[in-house]
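J.: 3D model of this:
(3 chains)
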Amino acid sequence: MSGGNGYLSPSGQEIVFVLTGLVILGAAVLCVTSRQLVHAALWLVVALGGLAVQYLLLTAEFVAWVQVLIYLGSVVVLLLFGLMLTKAPIGPSPEADGRNRPVALVVSLASAATLVTLVVDAFRTAWIDLETPHGTSDQIGDSLFRVWVLPFEALSVLLLAALVGAIVLSRRRGNAQGNGGS
Amino acid sequence: MNTTTAAVLVPLLPFAAAALILLGGRRAPGFVRPLAVLPTLASAAFAVLVAVRQDGGEPVEAATRLAPTGNDALPIELALHLDGFAVLVAVLVAVVASCVQIYSTGYLRDDPRYPSYAALVSLFTAAMLLVVYTDDLVVLLVGWETMGICSYFLVGHHWETPAARAASIKAFLVTKLGDVPFVIGILALAADAQTFRISDIAAGLTSTLSPTTLDHPTLIALLLLAGVAGKSAQVPLHTWLPDAMAGPTPVSALIHAATMVAAGVYFIARLLPVFASSAAALVVLAAVAALTMLGSALAALAQDDIKRVLAYSTIGQLGFMTGALAVADREAAVFHLLTHGAFKALLFLAAGVLIHTAGTGSLAAMSRMRGLKGRAPDAYWTMTVGLLALAAIPPFSGFFSKEAVIGAAEHAAFDPEHGIPAAAGWIVLTAGLAAALLTAAYAARLWLVAFHDPVAARTEPVPPGHQTGPQLSAVLWLLAVPTVLLGLGYRVLPEWFDDGDLAPTLTTSVLATGAALLGGVVTYAAWRRAYEGDGPVDPAPSLLGPLHGPAEEGFRLDALYAAAFVRPVRAAARLVRFLDATVVETYVRGAAGAPGLLGALTRRAQTGNVQTYLSVMASGALVLAVAAVLAAGD
Amino acid sequence: MHLVYPAVLSALLFSVGVYGVLARRNAILLLMSVELMLAAVSLNLVAFDVWLRDSVHSGQVFTLFLIALSAAEIGIGLAIVLLVYRDRGVSAVDRLTGLREGGGGGGDDQDPIEDDRSVTGTATEAATEAAPKSAPN
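T.: Residues are numbered from 1 along each chain as shown, chains lettered A, B, ... in the order given. Next comes the predicted model:
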């Protein structure tokens, strides 16, 4: 592009990507540190929504819409339902974090440092060509139903199994054991 | 049947009987009595047969190799050596054992442990007969130790009582204390003499043509003497014998009259050349004998229990035998062994009947009973005979054998020519005369206190007891015969022995009999005074004076041993227990505790918390990744 | 656009997800953190697919599959969480320590060190009610 491949001359897409990335990271950090459970779920919405923007920037528009529809539309709603069903308190709950926090912090920082070092070291010179879109609906549909149709069908069976499993698991049992064993 | 076969059968029959009773006595109690009595009787018959065949002639020898020792010149052999001493002592042992077995069928009629008792008595007899007949020191040791363990079991027959338990353990420990040096002595003797055969050793030492000499005769003699002192209850290892009276009375008769205690004397008699080759050993032997005679006689005079009196008298009579051996006269020793075996077995068995009748063994209690002799006439008469023999009143057997001993001592004291130290002779002579006096004194005391009641002044009646069986009286009268007549054997016995002279000499006879009569008269006078007074009818306190207390307690030798050995051993045991409990145990606990602690630490990691596990897993994966990158980067 | 940007973003996002999984107590918050990690992986897949110009769009198709899978995972996960919550009255993962050494069968509530802050009043009541029910399991 106009600025060449250097880090010091970022393109407009890169600037937007970095800004959105900062928002995602911030939302993700808030999601895993927030003391209010519902807020955490909402911060997850922000992070996943930001990720949809990133997909758009990477010209993967079909994935971006699926992200918005499925994640934001269903997954997060499921999570909120779960919070409600487990009688999660509204408002700050100080016990949202366990005693494992220092260890978790060390481990995650170490993994971040390792991964970032490795990734930067490996892909320092890699360049993504965004001139031609790679991931429009027709392209994805084309390969999905031509090349990946068998895994797709298998996935649908898996989803069905998950559905049945979730129903079986969450069905309220009888008194003590009832038909729970079956 | 030749002589050797008969001789082999003599110890074998009681042994087989013991094995059979032990195997089947519990299931077939009806067979126990015949199995106990008949083989012993047969063994006695064979022993008599062997004695008749041998007839004081040349020793019958037979040997078969039993086990190698690693030294071809020094094998262990199952050897027989039947000389006059062996066959006569075997007859004594077998006859007394038969009497004891017959007597026991009546005496222990209602005892639930009679089968094991009968088996042990048979085994005991077999062991003693083995000791008597064998010519091999190691085989002799086998019989010797078998007797030790049998005496342990038999003395502890009434193991319900603490006294019997203590007495059996004491008997075992004290005799074992002597047996340790005894084993060392046997090995040293075999190493010096290059053979285990007793007859070869004796022949080599006495041979006039090519006499062998021992390198360490004194050491060997003293080591062997320790074992003999333990077995034959000589000072200072005699303390087990009075306590061993806790066993049944027939066992006392068997162990303490004819077999076990006689084994030591018999052993020295067989090995007399070894002892005779060391003057020091003979003097020690004489000193031991003198101490034993006098101390035990004094103690016997003060005892209250009739069996303890007899036990101390046994010790004293064994002292006479060792005294005879100290002046190197084994004929007199074995002569006295034979007569003593007869009259002491008689005394013990009669005492058993007496205790059975009176319901107590205490002389003080008997002295208050009216008409005791009427209730047990057989015991009374046979005991009188036995006591007269014990007191060496002519013409009873004890007189002749004791005269033989004192005569030998006198001979050694005044005629010291054949290597026997005159000191030993003098010691034995003086101690023997004094002991003759004391022996007569305590024999008279026993008889007077137990029976004599001329004006019927006794108050208490004899408690109604069980009637004793006829076999008991039969045995008593059977034993009374040799008690009276065996003394005349001085005419024929030398033919069986070493052709010496056992006839009593006038001087010593007069001296010893005078001493005995003096002792009897003095005791009678003291008894008379006590009888006419109001106090207990016991002449001993006035006779002994200040010595009475110590003598009654066996001169407090047990207390001395307790202070010198028992308490230090107990303290050491406590120390060991302390060390074991606190020091050794600490290591053991530490060995268990350290892994336990490590395990507990490891277990701490198993918190059950998934997040902990995940954290550790993630850290591990990261470390692996970093390591892989660093390794790839190089 | 540099590949480093999405790659670094996904790495950081993944690490944040790791932190969440390790640090959060509430099981549903844990599931959210898992979602964050999955999202980071998705971003990676998309970015590399675009970079490589894959003719069959495997990266993006995988991302689609991943989204479907995560939906299934959330469904099953929530069902499990709800079941555990109904049985034990807790949704705090560090109190589900029934597999601990010496912990015994279902005695996850017996940890004496643990204070009761993790469960609200209603949850505690539910726990006491649910405890007998959990015994036959």
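J.: alpha carbons only for contacts and neighbour counts from here, please
T.: Noted.
J.: check what pLDDT the residue nearest to the spatial centre of chain C gets.
T.: The geometric centre of chain C, computed from its C-alpha atoms, lies nearest to C:Leu31 (Cα atoms, centre = their mean), at 2.8 Å. According to the prediction, C:Leu31 has pLDDT 89.
J.: can you pull the contacts of it?
T.: Residues near C:Leu31 by Cα atoms under 8 Å, 6 or more residues apart in numbering or on different chains: C:21, C:74, C:77.
J.: export those as a markdown table, with columns for secondary structure.
T.: Compiled in a markdown table, those are given as follows (DSSP: H, G, I helix; E, B strand; the rest coil):
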| residue | secondary structure |
| --- | --- |
| C:Val21 | helix |
| C:Ile74 | helix |
| C:Gly77 | helix |
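J.: which residues does the one helix or strand in chain A whose mean pLDDT sits lowest contact?
T.: One helix or strand of chain A scores below all others by mean pLDDT, DSSP states H and E: helix A:76-85, with a mean of 84. Helix A:76-85 is contacted from outside by A:37-38, A:41, A:44-45, C:28, C:32, C:74-75, C:78, C:82, using Cα under 8 Å, 6+ apart.
J.: the residues you listed: which two are farthest apart?
T.: Comparing every pair within the contacts of helix A:76-85 by Cα to Cα identifies A:Val45 and C:Leu82 as the most remote, at 21.9 Å.
J.: and B:Ala573, how many neighbours?
T.: Counted with other Cα atoms under 10 Å in any protein chain shown, residues neighbouring B:Ala573 total 12.
J.: about what we covered before: redo the contacts of helix A:76-85 as CSV? Include secondary structure.
T.: Formatted as CSV, these follow (three-state DSSP):
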residue, secondary structure
A:Leu37, helix
A:Val38, helix
A:Ala41, helix
A:Leu44, helix
A:Val45, helix
C:Ile28, helix
C:Met32, helix
C:Ile74, helix
C:Gly75, helix
C:Leu78, helix
C:Leu82, helix
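J.: show me which of these is closest to chain B.
T.: Set against chain B, the nearest of these by Cα to the nearest Cα is C:Ile28 (14.1 Å).
J.: show me which residues of chain B are close to chain A?
T.: B:611-612, B:615, B:618-619, B:622, B:626 (Cα under 8 Å from any Cα of the partner chain).
J.: now render those residues as JSON lines, adding secondary structure, neighbour count and distance to chain C.
T.: Putting those into JSON lines (DSSP: H, G, I helix; E, B strand; the rest coil; neighbours: other Cα atoms under 10 Å in any protein chain shown; distance: Cα to the nearest Cα, whole Å) gives the following:
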{"residue": "B:Gln611", "secondary structure": "helix", "neighbour count": "23", "distance to chain C": "5"}
{"residue": "B:Thr612", "secondary structure": "helix", "neighbour count": "20", "distance to chain C": "8"}
{"residue": "B:Ser615", "secondary structure": "helix", "neighbour count": "23", "distance to chain C": "6"}
{"residue": "B:Ala618", "secondary structure": "helix", "neighbour count": "19", "distance to chain C": "9"}
{"residue": "B:Ser619", "secondary structure": "helix", "neighbour count": "19", "distance to chain C": "11"}
{"residue": "B:Leu622", "secondary structure": "helix", "neighbour count": "18", "distance to chain C": "12"}
{"residue": "B:Val626", "secondary structure": "helix", "neighbour count": "17", "distance to chain C": "15"}
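J.: could you identify the most distant pair in the residues you listed?
T.: The widest separation within the residues of chain B next to chain A (Cα to Cα) is 22.1 Å, between B:Gln611 and B:Val626.
J.: picking up where we left off before, with respect to A:Ser11, which of the residues of chain B next to chain A is nearest?
T.: B:Val626 (33.2 Å).
J.: for that closest one, give me its contacts.
T.: Taking Cα under 8 Å, 6+ apart as the test, what B:Val626 contacts is A:Thr114.
J.: for it, give its distance to C:Phe48.
T.: 23 Å (Cα to Cα, to the nearest Å).
J.: equivalent analysis for C:Ile67, please.
T.: Computed as Cα to Cα, the C:Ile67 to C:Phe48 distance reads 17 Å.
J.: could you do B:Gly554 as well?
T.: In terms of Cα to Cα, B:Gly554 sits 111 Å off from C:Phe48.
J.: one more: B:Val616?
T.: Distance, B:Val616 to C:Phe48, using Cα to Cα: 30 Å.
J.: more neighbours: which of those two?
T.: The neighbour comparison of B:Val616 against C:Phe48 (other Cα under 10 Å) goes to C:Phe48, with 20 against 14.
J.: any stretches of chain A with poor pLDDT?
T.: Across chain A, the ranges flagged by pLDDT under 70 are A:1-9, A:94-96, A:173-182.
J.: if I read this right, B:Pro211 contacts B:Ala202, doesn't it?
T.: No. Applying Cα atoms under 8 Å, one finds B:Pro211 not in contact with B:Ala202, separated by 10.2 Å.
J.: neighbour count: the two, which is higher?
T.: More neighbours surround B:Ala202 than the other of B:Pro211 and B:Ala202, with 17 against 11 (other Cα under 10 Å).
J.: ok, and the closest non-adjacent residue to the more buried one?
T.: Nearest non-adjacent residue to B:Ala202, counting by Cα to Cα, 6 or more residues apart in numbering or on different chains: B:Pro273, 5.7 Å away.
J.: am I right that the one you found sits in a strand?
T.: No. Going by three-state DSSP, the assignment for B:Pro273 is helix, not a strand.
J.: show me where chain B has strands.
T.: With DSSP state E, the ranges of strands along chain B come out as B:60-67, B:76-82, B:369-370, B:460-461.
J.: ok, chain A next?
T.: Per DSSP E, chain A carries no strands over any range.
J.: show me the domain layout of it.
T.: As assigned by automatic domain parsing, chain A contains the domains A:1-94+A:101-129, A:136-171.
J.: how far is the first one from where the chain is centred?
T.: With Cα atoms, centre = their mean, to the nearest Å as the basis, domain A:1-94+A:101-129 stands 7 Å off its chain's centre.
J.: same question, stretch B:605-625
T.: From the chain centre to the centre of stretch B:605-625 is a distance of 80 Å (Cα atoms, centre = their mean).
J.: please apply the same query to stretch B:618-626.
T.: The answer for stretch B:618-626 is 84 Å, by Cα atoms, centre = their mean.
J.: export that stretch to CSV, keeping only CA atoms.
T.: Only the C-alpha atoms of stretch B:618-626 are listed here, as CSV (Å, rounded to 0.1, in the frame of the first residue of the first chain):
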residue,chain,number,x,y,z
ALA,B,618,-0.4,-24.4,31.5
SER,B,619,2.8,-23.5,33.3
GLY,B,620,4.2,-26.8,32.2
ALA,B,621,3.2,-26.4,28.6
LEU,B,622,4.7,-22.9,28.6
VAL,B,623,8.0,-24.1,30.1
LEU,B,624,8.0,-26.9,27.4
ALA,B,625,7.3,-24.3,24.7
VAL,B,626,10.0,-22.0,25.9
